[in-house]
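Undergrad: Task: produce atomic coordinates for the following.
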Amino acid sequence: MYVIEILLKNTAMPMSVQRKTAEEATSVYQQVLEAMKAGNPSLLELTCDRQPEKKIAVATDSIVAAQMYEKSGAAASGKTPGFVAFAGS
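TA: Residues are numbered from 1 along each chain as shown. Predicted coordinates:
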């Protein structure tokens, strides 16, 4: 499973959707990048393969970062890839 995360302005937690294949994930990631490059405010709607009922719509001018990664065993250990890492005390 592949995860595409989108970080929005003034939002601490990224939004994410999942795709089953690298090709599908790359396609979604490229769609997000193209929306960011366009510079025209518009709405980007994404769905999730793992949870088909999960849908997100974001204003493209609010996207500040995007990343794609393969979900692996690291997620089970509590260390998932992400934009921000917080150290616990």
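
Undergrad: Tell me who's in contact with P52.
TA: Residues counted as contacts of P52 (C-beta atoms under 8 Å, 6 or more residues apart in numbering): none. C-beta: built from backbone N, CA, C; applies to glycine.

Undergrad: What residues of stretch 24-41 count as buried?
TA: Residues 25, 28-29, 32, 35-36 are the ones in stretch 24-41 that count as buried (16 or more other C-beta atoms under 10 Å).

Undergrad: so of those residues, which ones are in helices?
TA: Counting by DSSP state H, these place 25, 28-29, 32, 35-36 in helices.

Undergrad: Out of those residues, the closest to V17 would be?
TA: Using C-beta to C-beta, V28 is the member of those that lies nearest V17, at 6.8 Å.

Undergrad: what sits against that closest one?
TA: For V28, the contact set (C-beta under 8 Å, 6+ apart) comprises 4, 17, 19, 46, 68.

Undergrad: So the fourth one: helix, strand or coil?
TA: Secondary structure for L46, judged by DSSP: H, G, I helix; E, B strand; the rest coil, is strand.

Undergrad: who does it bridge with?
TA: Note on L46: beta-bridge partners by DSSP bridges are I56.

Undergrad: who's in contact with it?
TA: By C-beta under 8 Å, 6+ apart, the neighbours of L46 are 4, 17, 28, 32, 55-58.

Undergrad: Can you give me the pLDDT of the nearest residue to V32 once chain neighbours are set aside?
TA: Using C-beta to C-beta, 6 or more residues apart in numbering and skipping residues adjacent in sequence, the residue nearest V32 is A66, 4.6 Å away. With respect to pLDDT, A66 scores 94.
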